[in-house]
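Student: Below is the sequence, then the predicted model.
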Amino acid sequence: MYKEDKIFLVIVFVFFLILSIITLALIITNDALPCNCNGYTMEYQTITAREARDLIAHNSITVADIRGLEGCGTCQFNRGHVTGAGRYIDPKALYNHTQDILVYSKDGTRGEWFCQQLVGHVYCDIYNMEGGWIAWSR
């Protein structure tokens, strides 16, 4: 075997060794996350309006008002909404989001669907407010 061949084999070996170490580090890092699919969140939680108030008060969170899926979203939003909420009609607008997300609809039912659309597409915790705006405004 020529000296050049040995050097080439050593370089290939070192390359695969480094690649293996990087892969192992990524696997260990993903295992430390609260999700199990390349860092994406794989489930959502349903919380009460009271829990949502505490969550908003003590965390940096995106609040998604999705009431436009149930009629005139602008009308409903203008009549009242959770402080700091933004209007979202398309779940894809939040894909790859890295801040926790609280979703609420009129009564919580559309919120479940919306949260299901986010699962596997965001890097954060997802919450659906049970009872939606109706529960919040009581």
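Tutor: Cool, the structure landed.

Student: Could you spell out which stretches of the protein belong to which domain?
Tutor: If you go by automatic domain parsing, the domain ranges for the chain are 1-32, 45-136.

Student: quick one: average confidence on the shortest one?
Tutor: pLDDT averaged over domain 1-32 equals 74, rounded to a whole number.

Student: going forward, begin numbering at 23 instead of 1
Tutor: Sure thing, new numbering starts at 23, so read that last one as domain 23-54.

Student: Pull out the buried residues from it.
Tutor: Neighbour-count burial for domain 23-54, counted by 16 or more other C-beta atoms under 10 Å, picks out no residue. Where C-beta positions appear, they are placed from N, C-alpha and C, glycine not excepted.

Student: now swap in stretch 134-143 and tell me
Tutor: 134, 136-137, 139-141.

Student: For the least confident helix or strand in the chain by mean pLDDT, name the packing helices and strands.
Tutor: Taking mean pLDDT, DSSP states H and E as the measure, helix 25-54 is the helix or strand of the chain with the lowest mean score, a mean of 74. For helix 25-54, there is no helix or strand it packs on, judged by 3 or more C-beta pairs under 8 Å, 6 or more residues apart in numbering; DSSP states H and E.
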